[in-house]
Structures are given as structure tokens and as C-alpha cells.
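K.L.:
Mind folding the following:
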Amino acid sequence: MRINTDNWSVSSAVKTGHHHLYKGSNCQDAADFFATDEMIAGIGCDGCGEGNYTEVGARMICNFALSEISRLHRMGVNPPKIVTTLFGSITRFIDMQVHLACPIEDPQQIAYYVKHHWLATIMGLIITKDYDGIVFWCGDGIYEVGDSYQTHHEIDQQNVPNYIAYHCLRHPEEVGVDTDIIPTAFEKDSLCTYSGGGDKKVMIASDGFNHHNEQKIQISMQKHPELTPDLYNQQWGKKGNFGLKKWMNSRSDKGYFEDDCFIITAERKCKSR
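P.N.:
This is a model prediction of the structure:
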């Protein structure tokens, strides 16, 4: 999907990873955004691979978070405060779903239900007309910022993400979850840090952006020597409503995206001089 505003071009795409295709399992990543002249907000979620249906929680968290961001913005809340408030809103939302859908109020049963439906990482992006923007996350993922230079950040939690849904467990120690890994707030990075003279570009993605089939890529490189081991700084400037998705498809054919991956990009338009 792609939306153009007066100043920005925003795109999102999700790709099912080779590993999930091989297993015949659903894609467990979800991503969506809205973009107006006043505000850009994007959310991507990566469901836990050990859960049977975590694509359900990933999609519902994604949809709810975007709705809540829009509501808070209409109330005049600034982006940093939105991020702070959003964490509690999401935990209450998940807890309500657990209360309504889990038939047995038992710590083990609730832990089983949460594991298989609600464990998902979150990456988010907010930019407003009066604010340079903010990236925030809970769990692992990747974000890249381009201005007059490029910088990328990988949030690597050694494949043990601190899922926001851990808040909804009852007696976590009884079900084998260390309370030290239960998050209490989103981590965040202000895009003001990267302000400069160039045209700003921002990407958020799941860790699937870096998980590839190295053997297949090596074979592809024999025919296409321009290919690189990673994809950083290659996702920009995709044209058309499905340009980003087509690019992901073409890279997947060559061995990239072994795991599910979502990408959201926001690129400031070059102003005519």
C-alpha cells in the first residue's frame, strides 16, 4: 500500500518468509499505517513463531494501536506522550481480549492462550506536521533513518523478545516467565536526533529484514553480482501502490526474507527549487 501526502510518500508491505512457506504456516507479521498532511503513523507487529495463531494478535494489536494513536492525536496529545499512553492502552486491550476469550481463569491456561494468540513484537512510527517524529518499539526489530547520511539500528534480543502481552499473564513466575523481561514502557528514539539538511527517510521493519537464506543468496550472486548480503538502504524510492511489495517479492526470489517480514517506509518528498 502507498499513500502520498503533500510532503511525504508512505508505503508498507508484508512478505511471508521461506521458512513459513515451507512449513505451510500463516504469515505472522502484520503492518499498517495512515498518512495525512497532519500526521503519519505506522505500526508493525511480528507474531511469535512458537505460537500457533499469533498472526491474530499481531493484526489486532496493529489495528488497535493505529486507532488509539489517531484518537490521542485528535485530543491534542503530542507524539512522545502518545507513545507513553499507548503502552498502557495496548496492555489493557490485550487483557480485555484474554478476559473475554480465555474460557478458564487459570494461570497455565491463560499463559497457553497468550502464547498462541498474543505474543507479538511492536515497531511504531509517528511523524506530525509540527514534530520531526519518533520511532518506538517493544521487542526486536529494525529501523533505519536516512537524511544527509544513513543510519540503521537493529534491536536484537537474542530471539527472546520482551513481548508486551507478558503483562497479561497471571503469576508469570508460575508459568516460567521471568518478571525481569516483562516490559514497562516502549523504548523510543526521537527522529529530531537525525535532523539535517537532506531529505529525511524513515523505515521500520521486523527482524525478518535481516533473516535470509545465505546459501541461496550466494547462488543468486553468481548470476546477479550486484546483490549484497543485506538489504539496508535498498528499500527506498519504490514507485506505485505496490512498488515496495514487488521489490520484496523480487528479493525473496533470490534468497532474501527467510523469515516473515514487514516494512513501512516514509520518505519526505523533494521540494522543487
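
K.L.:
Dead centre of this structure: give me the residue that sits there.
P.N.:
Gly44 (2.8 Å; CA atoms, centre = their mean).

K.L.:
For the stretch 1-150 of the chain, which segments count as strands?
P.N.:
Assigned by DSSP state E, counting those that start in this stretch, the strands in the stretch 1-150 of the chain fall at 2-4, 8-15, 29-35, 39-47, 120-128, 131-138, 141-146, 150-155.

K.L.:
Average pLDDT for the fourth one, rounded please.
P.N.:
This points to strand 39-47. Mean per-residue pLDDT for strand 39-47: 98.

K.L.:
got it, and the first one?
P.N.:
Computed over strand 2-4, the mean pLDDT rounds to 94.

K.L.:
Give me the buried positions along that strand.
P.N.:
Buried residues in strand 2-4, defined by neighbour count with 16 or more other CB atoms under 10 Å: Arg2, Ile3. Yep, even glycine has a C-beta here, placed from its N, CA and C like the rest.

K.L.:
Ok, the fourth one next?
P.N.:
For strand 39-47, the neighbour count (16+ other CB under 10 Å) marks Met39, Ile40, Ala41, Gly42, Ile43, Gly44, Cys45, Asp46, Gly47 as buried.

K.L.:
can you redo those residues as TSV with distance to Arg170?
P.N.:
Formatted as TSV, the buried residues of strand 39-47 follow (distance: CB to CB, whole Å):
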residue	distance to Arg170
Met39	37
Ile40	37
Ala41	32
Gly42	32
Ile43	27
Gly44	28
Cys45	23
Asp46	25
Gly47	21
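
K.L.:
ok, of those residues, which one's closest to His116?
P.N.:
Among the buried residues of strand 39-47, Gly47 lies closest to His116 (CB to CB), at 9.8 Å.

K.L.:
mind checking how far that closest one is from Ser11?
P.N.:
Going from Gly47 to Ser11 by CB to CB, to the nearest Å gives 22 Å.

K.L.:
cool, and Phe257?
P.N.:
Following CB to CB, the distance that separates Phe257 from Ser11 is 16 Å.

K.L.:
and if you look at Pro79?
P.N.:
Distance of Pro79 to Ser11, given as CB to CB: 21 Å.

K.L.:
same check, this time on Ile263
P.N.:
Distance of Ile263 to Ser11, computed by CB to CB: 8 Å.

K.L.:
Any regions of the protein where pLDDT drops low?
P.N.:
Applying pLDDT under 70 to the chain picks out residues 147-149, 193, 195-199, 271-273.

K.L.:
longest helix of it?
P.N.:
helix 79-101 (DSSP state H).

K.L.:
For Phe257 and Ser11, indicate the residue with more neighbours.
P.N.:
Set Phe257 next to Ser11 and count neighbours by other CB atoms under 10 Å: Ser11 wins out with 29 against 26.

K.L.:
Hmm, the more buried one is touching Gly237, no?
P.N.:
No - using CB atoms under 8 Å, Ser11 makes no contact with Gly237, being 9.9 Å away.

K.L.:
nearest residue to Asn78 other than its sequence neighbours?
P.N.:
Counting by CB to CB, 6 or more residues apart in numbering, Asn78 lies nearest to Tyr131, which is 6.7 Å off, once chain neighbours are set aside.
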